[in-house]
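**Q** what's the 3D shape of this:
(2 chains)
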Amino acid sequence: MTDETQGLSRLYLTAWLVLIAITALEMSTVLVFHISAGTRVVILIVLALMKASLIGAYYMGLRFERLAMAYIAILPLILLLLMLLAVVPDAALLLPRH
Amino acid sequence: MTSAVETREQGRDLGARWGGGRSPWDIGWPKLMMWLFLISDAMTFAGLLIGLWVMRLASPTWPNHLPGVMNIPFVATMTVILICSSTTMAMSVYALRQGLRRQAVWFLAATVIAGLLFAGMQAREWTHFIEQGARLTGNPWGVPAFSFSFFIITGLHGAHVLGGIVYLWLMADRVARGVSSAEGVEVAGLYWGFVDLVWVFIWSSIYLL
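**A** Numbering: from 1, shown residues only, chains lettered A, B, ... in the order given. Purely as a prediction, here's the structure:
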């Protein structure tokens, strides 16, 4: 039990450090590196998903729940993708009218 | 490696879990209810963020990277504070599971303080933005959707932070009095983790993109 809890606090500490490191990286895409907007978008999406999965897995305990719980949490993401697919073409149509 | 026998065993296990008579998710109802609430809340934020992305795509300019409009190091500090608060929240849940009630209360108090700090910095950020002339319906940079989406999205998140501060404060009091179970604090931890999770996307979308 003590071994397990010690392992857990080490896990939280690692997650904490990784989250802060990713935040620093995200900030550097704007303040340090001069990269094109398109590349920055891709990098930011990947980094945000990494952070979100870390928070979901360890701080919200999904890693320690049954897999069916993770499916509940992932389902809205699929709906979000569908909604994006539905509305983004509208934005692309609006742009040339400016 | 999964053998055929193991697969069949898992299949039977699945039937036992989902065949009725027991909770397939194997969690208590408070936790399940909190998860269902958080998922519906996630859909609300997703709708707002998708709205923001579409407006950005449709707008020829977006003023968030003009000098002086947004203070990225300041908001990065807010982000780090929120990450630290989720860590203390998780530590509180585990302290209580081990029966360390006093320690759990202290970790909860640290989480509340970090939440207050975040809310205070958010208020400063809003003040700065309003002083520059940004309003809900317009701003000096000529893209009304910019300040509109900023106030609505960070405002709804800020409301979640304020609500979370009250919630965690009440939980700290309950734990100190020995009324609340470890599960109660875990459910509160789910809410606070979600507040941090949403901020990850808000911080990327509003300040960095």
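
**Q** Need the residues that contact stretch B:67-75.
**A** Residues outside stretch B:67-75 that contact it (Cβ atoms under 8 Å, 6 or more residues apart in numbering or on different chains) are A:27, A:30-31, B:63-64, B:121, B:124-125, B:128, B:132, B:141, B:203, B:207-208. All C-beta spots, glycine's among them, are computed from the backbone N, C-alpha and C.

**Q** Touching, residue A:52 and residue B:199? I think so.
**A** No. With contact defined as Cβ atoms under 8 Å, residue A:52 and residue B:199 do not form a contacting pair (10.2 Å).

**Q** Which of these two has more residues huddled nearby?
**A** The residue with more neighbours, out of residue A:52 and residue B:199, is residue B:199; 24 against 17, by other Cβ atoms under 10 Å in any protein chain shown.

**Q** what's the lowest-mean-pLDDT helix or strand in chain A packed up against?
**A** Least confident element among the helices and strands of chain A, by mean pLDDT, DSSP states H and E: helix A:67-94 (a mean of 84). On a contact count with 3 or more Cβ pairs under 8 Å, 6 or more residues apart in numbering or on different chains; DSSP states H and E, helix A:67-94 meets helix B:29-58.

**Q** in the helix it packs on, what counts as buried?
**A** Under the neighbour-count criterion of 16 or more other Cβ atoms under 10 Å in any protein chain shown, helix B:29-58 has B:31-32, B:34-35, B:38, B:41-42, B:45-46, B:48-58 buried.

**Q** what inclination does the helix or strand hosting residue B:154 have with respect to helix B:29-58?
**A** For residue B:154, the host element (DSSP states H and E) is helix B:144-177. Helix B:144-177 runs at 160 degrees relative to helix B:29-58, counting by axes from the mean of the first three to the mean of the last three Cα atoms, to 10 degrees.

**Q** Beyond helix B:144-177, next helix or strand please.
**A** Counting by DSSP H and E, the element after helix B:144-177 in chain order, helix or strand, is helix B:182-202.

**Q** Contacts (any at all) between chain A and that next one?
**A** Yes. Helix B:182-202 reaches chain A (Cβ under 8 Å from any Cβ of the partner chain) through B:186, B:189, B:190, B:193, B:194, B:196, B:197, B:200, B:201.

**Q** Out of these, which comes closest to residue A:83?
**A** Nearest to residue A:83 among those, counting by Cβ to Cβ, is residue B:201 at 14.3 Å.

**Q** Look at residue B:24 and give its secondary structure.
**A** coil (DSSP: H, G, I helix; E, B strand; the rest coil).

**Q** neighbours around residue 90, how many?
**A** Chain wasn't specified; assuming chain A. Neighbour tally, residue A:90, other Cβ under 10 Å: 12.

**Q** try chain B instead
**A** When neighbours are defined as other Cβ under 10 Å, residue B:90 has 27 of them.

**Q** can you check residue A:74 too?
**A** By other Cβ under 10 Å, the residues close to residue A:74 number 12.

**Q** how near is it to chain B?
**A** Distance, residue A:74 to chain B, by Cβ to the nearest Cβ, to the nearest Å: 10 Å.

**Q** what ranges of chain A fall below the confidence cut-off?
**A** By pLDDT under 70, the low-scoring segments of chain A are A:1-6, A:95-98.

**Q** Same question for chain B.
**A** B:1-12, B:16-17, B:21.

**Q** can you tell me how far the nearest residue to residue B:108 once chain neighbours are set aside sits from residue B:118?
**A** Nearest residue to residue B:108 in three dimensions, chain neighbours excluded: residue B:172, at 4.0 Å (Cβ to Cβ, 6 or more residues apart in numbering or on different chains). Relative to residue B:118, residue B:172 is positioned 17 Å away (Cβ to Cβ, to the nearest Å).

**Q** what do you get for residue A:73?
**A** 24 Å.

**Q** Same drill for these two, tell me which one is more crowded.
**A** More crowded of residue A:73 and residue B:118, by other Cβ under 10 Å: residue B:118, with 27 against 19.

**Q** and residue A:56, how many neighbours?
**A** Per other Cβ under 10 Å, the neighbour tally for residue A:56 reads 18.
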